[in-house]
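Engineer: With the sequence up front, the predicted model follows.
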Amino acid sequence: GETRSIMSWIWTAGGVSAEDNEYVHECECVRIEWSKALARKARWGEEVETLKEEMRRVLRSVKSEEAEWRMRSDMENIHLRDEERGGRRAYAIKQVKYRVVIRHQFIALW
């Protein structure tokens, strides 16, 4: 973890006399930039983890929608005429196919 990490050389560099103000100032600027870069790296790491979780949730959602449309395609609507039942079933099957394609495209891209 964090307690076992080795401190960067940037914090332990020494050997500069107090009279060399320009060098001390330069070292301080480098340390500040290093700190900013470390913070950016940490934020990027968090962003990557967030994106992975969002991708997992999107896939789960699309799969759930696919199952819902599949269920609708198998439903019998007895109060509908035959041609209406056929049309609704065809639409539901089309929606299932869309979800399958989307899911496979996401898997291939990610």
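Structural biologist: Great, that's in hand. Numbering: from 1, shown residues only.

Engineer: Please make it C-alpha for all contacts and neighbour counts, starting now.
Structural biologist: Noted.

Engineer: Tell me the helices and strands packed up against the helix or strand harbouring Lys36.
Structural biologist: Assessed by DSSP states H and E, Lys36 sits inside helix 21-74. Contacts defined by 3 or more CA pairs under 8 Å, 6 or more residues apart in numbering; DSSP states H and E place helix 21-74 against helix 82-109.

Engineer: So for the helix it packs on, what gets flagged as buried?
Structural biologist: 85, 88-89, 92-93, 95-96, 99-100, 103 (16 or more other CA atoms under 10 Å).

Engineer: now it and helix 21-74, what's the angle there?
Structural biologist: 150 degrees (axes from the mean of the first three to the mean of the last three CA atoms, to 10 degrees).

Engineer: name the helices or strands packed onto helix 82-109?
Structural biologist: Packed next to helix 82-109, using 3+ CA pairs under 8 Å, 6+ apart, are helix 21-74.

Engineer: what's the offset of the helix it packs on from the middle of its chain?
Structural biologist: 6 Å (CA atoms, centre = their mean, to the nearest Å).

Engineer: Please report the distance of the spatially most central residue of the chain from Glu26.
Structural biologist: The centre of the chain sits closest to Leu51, judged by CA atoms, centre = their mean, with a distance of 0.9 Å. Going from Leu51 to Glu26 by CA to CA, to the nearest Å gives 37 Å.

Engineer: Okay then, goodbye and thanks.
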